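Colleague: what shape does this take:
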Amino acid sequence: MPCLTPTACPTCPNRGLHAPLPADGPTPCRLLAISDYPGETENRTGRVQTGKGGEELCQTYLPRARLSRRDLRLTNVFQCFDPRRKKATRAQVLACASHHIPREIEATRPEFVLLMGGN
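Modeller: Numbers count the residues shown, from 1 in each chain. Sure thing, here's the model as predicted:
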């Protein structure tokens, strides 16, 4: 099984600025939810989806699907917080996602993948 410990992307311009944020949830998982990037709250707490978006996900959308946070695995395309990030470029998305998303999918073997976020 591949390693699920987050590592800084070798080509990341932000490498070393912030610690990579690990995915959260069961392995293997039935549902893997992938958001765009961690915000200030996630950077402070060290957990994915703990800000406004995570609150909305866990209090509104998951209950509608009869799910809870512990039923899915959460991760981000970008694992590192970048306070300057507005909207990611295609090159940034490809650089970050190609580094760890395939490993995450291989290790967790989800039945479903949910893509979330504004990027």
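Colleague: how distant is the lowest-mean-pLDDT helix or strand in the chain from the center of its chain?
Modeller: Lowest mean confidence among the helices and strands of the chain (mean pLDDT, DSSP states H and E): helix 90-108, at a mean of 85. Centroid displacement of helix 90-108 relative to its chain, using C-alpha atoms, centre = their mean, to the nearest Å, is 10 Å.
Colleague: quick one: name whatever helix or strand follows that helix.
Modeller: Note on helix 90-108: by DSSP states H and E, the next helix or strand toward the C-terminus is strand 112-115.
Colleague: does Leu62 sit in a helix, a strand or a coil?
Modeller: helix (DSSP: H, G, I helix; E, B strand; the rest coil).
Colleague: what's the local residue count around it?
Modeller: Around Leu62 there are 18 other residues, counting by other C-beta atoms under 10 Å. Where you see a C-beta, it was placed from the backbone N, CA and C, and this is true even at glycine.
Colleague: repeat for Arg103
Modeller: Using other C-beta under 10 Å, Arg103 has 14 other residues around it.
Colleague: ok, Val113 - how many residues close by?
Modeller: 15.
Colleague: surely Leu57 touches Leu114?
Modeller: No. Assessed by C-beta atoms under 8 Å, Leu57 is found out of contact with Leu114, at 9.6 Å.
Colleague: ok, now how distant is the spatially closest residue to Ala33 that is not a sequence neighbour from Pro26?
Modeller: Using C-beta to C-beta, 6 or more residues apart in numbering and skipping residues adjacent in sequence, the residue nearest Ala33 is Leu114, 4.4 Å away. Here the criterion is C-beta to C-beta, to the nearest Å. By it, Leu114 lies 15 Å from Pro26.
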